[in-house]
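J.: Sequence below, structure please.
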Amino acid sequence: MSTYQVIDIEDRALLEPLLNQRVASDAIVTYYALKHPARKIKLYASLSSGGKPNGFLVMAQTGMDLFRPLALPFGASAEILNQLLNIALAPERPVVLQIPLEQKEWLDPSFVLSEVRIAELLRLNPAEYSPVINVLVLEVDTPNEFSRFEIRSNSGAFAAAGLNWKGDQFAETYLDYDKEAVERGFPISVLSAMSNKLLEQKRIPLFLYDDSSSIEFQSLETIGFRSTGHRMITAQILKREVAL
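T.: This next block holds a predicted model:
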C-alpha cells in the first residue's frame with residue numbers, strides 16, 4: 001500500500017531511480033522533476049511500504065502559461081496517478097496536465113478535461129540532421145537566456161523557434177508562425193537553426209508535433225526529426241468541488 005506526501009525540494013534526487021534520463025520519453029518529466037528552478041516547483045510523491053518513491057507528480061510554474069501551473073504525473077498505475085492528482089490539485093482551480101496518451105483512460109471521472117491536444121514526441125537524430133540555410137534567420141536575445149531564432153520578412157511573415165526548457169541531454173523546442181510563414185517554409189528554417197545551436201551545445205532537440213499542426217510531418221523529417229513512438233496529451237484539468 002502506498003502513502004502520499006509532499007517531498008522537500010532538497011530531496012528531489014530521490015526520484016532519480018524512477019527515471020531513465022537517456023530516453024526521450026522520460027525527458028520532459030525528468031527536466032521538471034530534477035532541473036527546473038526549485039522555487040518554481042512543488043513535488044508530490046507516492047511512497048512504497050519501504051518508504052521509497054514509486055511515483056511522483058511535479059507541479060511547475062512555467063513561461064508557457066503564466067496563469068496555470070503545469071502538472072506532470074509519473075506513475076505506473078491508475079491508482080497512483082489519481083491519488084497524486086487528488087492531493088496536488090485544488091478544487092475548481094485549473095491546471096495544465098501533460099501525460100502519456102494511454103494514461104488518459106486512467107483518469108477518474110471526477111477530473112474534467114478541456115482544451116485537449118494530442119501530440120507526438122519527435123527527437124532529432126544527429127546522424128540524420130540536414131540543415132536548412134536561410135539568410136533571413138536571425139538569432140535574438142531572450143529574457144531567460146535561451147536561444148531564439150526568428151524570421152520577420154518585409155511582407156510581415158513571421159516565424160520563430162525557441163526553447164521551453166533545456167536539460168543536460170535534451171531540450172524541448174517550440175515554433176511560433178503565421179500562415180504566410182508556413183507557405184514560405186520559414187518554420188522549418190528557424191527550427192533548423194535552433195536544432196543546430198542545440199547540437200553545438202551537446203543537447204538533443206525534442207519537438208511535440210501537434211496533430212492539428214499546419215506544418216507537414218514530412219518537413220520535419222527532412223531536417224532529421226524522427227518519431228519516438230511516444231504520444232502525449234496536454235489538456236486543462238479541473239477537479240470538481242465535492243458536494244457535502
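
J.: What ranges does the chain have for its strands?
T.: 3-7, 41-47, 53-60, 70-75, 95-100, 111-124, 138-140, 148-152, 158-166, 170-177, 204-210, 225-239 (DSSP state E).

J.: ok, the closest residue in space to Arg22 that isn't next to it in sequence - contacts?
T.: Closest residue in space to Arg22, ignoring its immediate chain neighbours: Gln169 at 6.9 Å, by Cβ to Cβ, 6 or more residues apart in numbering. C-betas here are computed from N, CA, C, even on glycine. Applying Cβ atoms under 8 Å, 6 or more residues apart in numbering, we find Gln169 in contact with Gln21, Arg22, Ala27, Arg203, Ile204.

J.: export these to JSON lines and tack on neighbour count and distance to Asn154?
T.: Conversion of the contacts of Gln169 to JSON lines gives the following (neighbours: other Cβ atoms under 10 Å; distance: Cβ to Cβ, whole Å):
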{"residue": "Gln21", "neighbour count": "14", "distance to Asn154": "44"}
{"residue": "Arg22", "neighbour count": "11", "distance to Asn154": "44"}
{"residue": "Ala27", "neighbour count": "26", "distance to Asn154": "38"}
{"residue": "Arg203", "neighbour count": "18", "distance to Asn154": "33"}
{"residue": "Ile204", "neighbour count": "18", "distance to Asn154": "35"}
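
J.: Can you tell me which of the residues you listed is nearest Asp211?
T.: Ala27 (20.4 Å; Cβ to Cβ).

J.: Was I right to think that closest one contacts Leu206?
T.: Yes. Between Ala27 and Leu206 there is a contact under Cβ atoms under 8 Å: 6.1 Å.

J.: Next, show the common contact partners of these two.
T.: Taking Cβ under 8 Å, 6+ apart as the criterion, Ala27 and Leu206 both touch Phe170, Glu172.

J.: pretty sure Leu14 is touching Gln5, no?
T.: No. Contact status for Leu14 versus Gln5: not in contact, 11.8 Å apart, counting by Cβ under 8 Å.

J.: who's more crowded, these two?
T.: Comparing Leu14 with Gln5 by neighbour count (other Cβ atoms under 10 Å), the higher total belongs to Leu14, at 17 against 12.

J.: give the contact list for the more buried one.
T.: Counted by Cβ under 8 Å, 6+ apart, Leu14 has contacts Ile7, Ala45, Lys52, Pro53.

J.: Among those residues, which pair sits farthest apart?
T.: By the measure Cβ to Cβ, Ile7 and Lys52 form the most distant pair in those, at 11.8 Å.

J.: So for these two, which sits in the more crowded spot?
T.: Ile7 (19 against 12).
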